[in-house]
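>>> okay, here's the prediction I keep looking at, along with the sequence it came from:
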Amino acid sequence: NSRLMVPLAHAATRAADEHWREHAKLPPPVHNGSAPAADVDEAVRAWLTFNVLIGADALDAPRLGRVARVLRVLQACEPAVGPAALGALAEELGALADAGAQLPRARWERAIDAHSLRADADGHWRECRPSVSPFTCGLWLVFHSASVRAARDEDAAAVFGAIVDVVNLFFGCDTCRAHFLALVEKDGAALRAPSATRRELALWLWRAHNSVNARLALETESARARGKAHRPTRAECPRCRDAQGGWSEPAVLGWLAMRYCAPDARGQPGGCTAIAERAPARAGTPWGPRAALSRQAAIADLVGASAILPAVPAWLCALALCWYGRRRACWRRTPAWRRVGLGAAAVDNGVAADRDRV
């Protein structure tokens, strides 16, 4: 059975990607710098539809418990997907896991249909275009947005555990899984500890994603893969590199917060208010109430105000440059006799004298 599961897992992942390539009707791509909420929503639905039962016909009790924990993290960190539906499904799966029951495929499909969590047949990918594995691209968006939307530092370990569970148990590419788990074993041990912070989680996931992109850039001939080897690029975040070409981690945290927390073109809420939570958790909920703070205050809570706000506002610099350019243009159009303070008569006398000498 174990020998059969690997090819079945590969086939399921390829089937999901081919489904989107053939049938997705894509709206125009988003270029406002924020990760589109539509792709996060589509990736979660595709994971539930195609990957939770990857290579199996039923979910046993341990896997039901893992799926329930992942859904609770998504419920708190992904407001675009439908927290109520995710929470209700998590409660059902948690009850089955506690009872030691199994969930056959037919019942699983009825459950995601009952909560309206099945992936649409046409797909709604925006940034994750079908030319690049759309499910994998969307899954990275889910991971990053969950890492920066964690409500408190105490939740970082739970989010990290959910990310590892998704890749380890419910992802079809065994090469990709092995590479990611190697990164987890190498650098991720501290993120399992209760002392792990949201900043550490966001930066670790950013480094892991860059490592994966660098590996893909070496293995493929795709120009897009080579261009994504290290993000953010200088065009996306000029302040994320220092004078020596190294990374400025406070600026990178600012870019991560702006990209994965900002509202997208559809007006979906960014959800970054969760990172500034100070209230104690409610009984019966794993994450507690979210403070209604402004987006700028929430982002500053994650990365520090110095990482977001420059010393001089950008608009003031733009006005100064416009004024300087206009003054310089006027100066260049000014005749020479006006620049040195000579009168017109002096210039005429000088010209006449030169003509007499000739």
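Cool, the structure landed.

>>> residues near the residue nearest to residue 102 when sequence neighbours are not counted, how many?
In this structure, residue 102 finds its nearest non-sequential neighbour in residue 58, 4.9 Å apart by C-beta to C-beta, 6 or more residues apart in numbering. From N, CA and C alone the C-beta is placed, and that goes for glycine too. Burial of residue 58 is recorded as 15 neighbouring residues (other C-beta atoms under 10 Å).

>>> same check on residue 183?
Neighbours of residue 183 using other C-beta under 10 Å come to 16.

>>> before we move on, what about residue 149?
Neighbourhood size, residue 149 [other C-beta under 10 Å]: 28.

>>> now it: closest residue in space, sequence neighbours ignored.
Looking at residue 149 with C-beta to C-beta, 6+ apart, the closest residue is residue 77, at 4.4 Å.

>>> repeat that for residue 59.
Spatially, and ignoring its direct neighbours in sequence, residue 59 is nearest to residue 103 (4.4 Å; C-beta to C-beta, 6+ apart).

>>> ok, now how distant is the one you found from residue 112?
11 Å (C-beta to C-beta, to the nearest Å).

>>> what comes up buried for stretch 174-187?
By neighbour count on 16 or more other C-beta atoms under 10 Å, the buried set for stretch 174-187 is 176-177, 179-180, 183-184.

>>> got the contact list for the residue nearest to residue 102?
By C-beta atoms under 8 Å, 6 or more residues apart in numbering, residue 58 lies in contact with 102-105, 108.

>>> and it, bridged to which residues?
Beta bridges link residue 58 to residue 104, judged by DSSP bridges.

>>> ok, it to residue 169 distance?
From residue 58 to residue 169 the distance is 14 Å (C-beta to C-beta).

>>> one more: residue 259?
From residue 259 to residue 169 the distance is 27 Å (C-beta to C-beta).

>>> what about these two, which has more around it?
More crowded of residue 259 and residue 169, by other C-beta under 10 Å: residue 259, with 19 against 16.

>>> tell me which element that one is part of?
Taking DSSP states H and E as the criterion, residue 259 maps to helix 249-261.

>>> same check on residue 71?
Judged by DSSP H and E, residue 71 forms part of helix 61-77.

>>> for whichever helix or strand comes after that helix, packing partners?
Next in sequence after helix 61-77, counting helices and strands by DSSP H and E, comes helix 83-98. Helix 83-98 sits against helix 61-77, helix 105-114, with contacts defined as 3 or more C-beta pairs under 8 Å, 6 or more residues apart in numbering; DSSP states H and E.

>>> tell me the angle the first one makes with helix 105-114.
Calculated by axes from the mean of the first three to the mean of the last three C-alpha atoms, to 10 degrees, helix 61-77 forms an angle of 10 degrees with helix 105-114.

>>> okay, the closest residue to residue 199 other than its chain neighbours: pLDDT?
Take residue 199 and drop its neighbours on the chain: the residue closest to it by C-beta to C-beta, 6+ apart is residue 253, 6.2 Å away. In this prediction, residue 253 carries a pLDDT score of 92.

>>> so residue 253 touches residue 203, yeah?
Yes: A contact is recorded between residue 253 and residue 203 when judged using C-beta atoms under 8 Å, the distance being 6.8 Å.

>>> so those two - more neighbours on which side?
Remark: of residue 253 and residue 203, residue 253 carries more neighbours, 23 against 17, as counted by other C-beta under 10 Å.

>>> how near is that one to residue 97?
36 Å.

>>> again with residue 115
Distance from residue 115 to residue 97, by C-beta to C-beta: 17 Å.

>>> picking up where we left off before, neighbour count winner among residue 103 and residue 112?
Using other C-beta under 10 Å as the criterion, residue 103 and residue 112 rank with residue 103 on top: 22 against 17.
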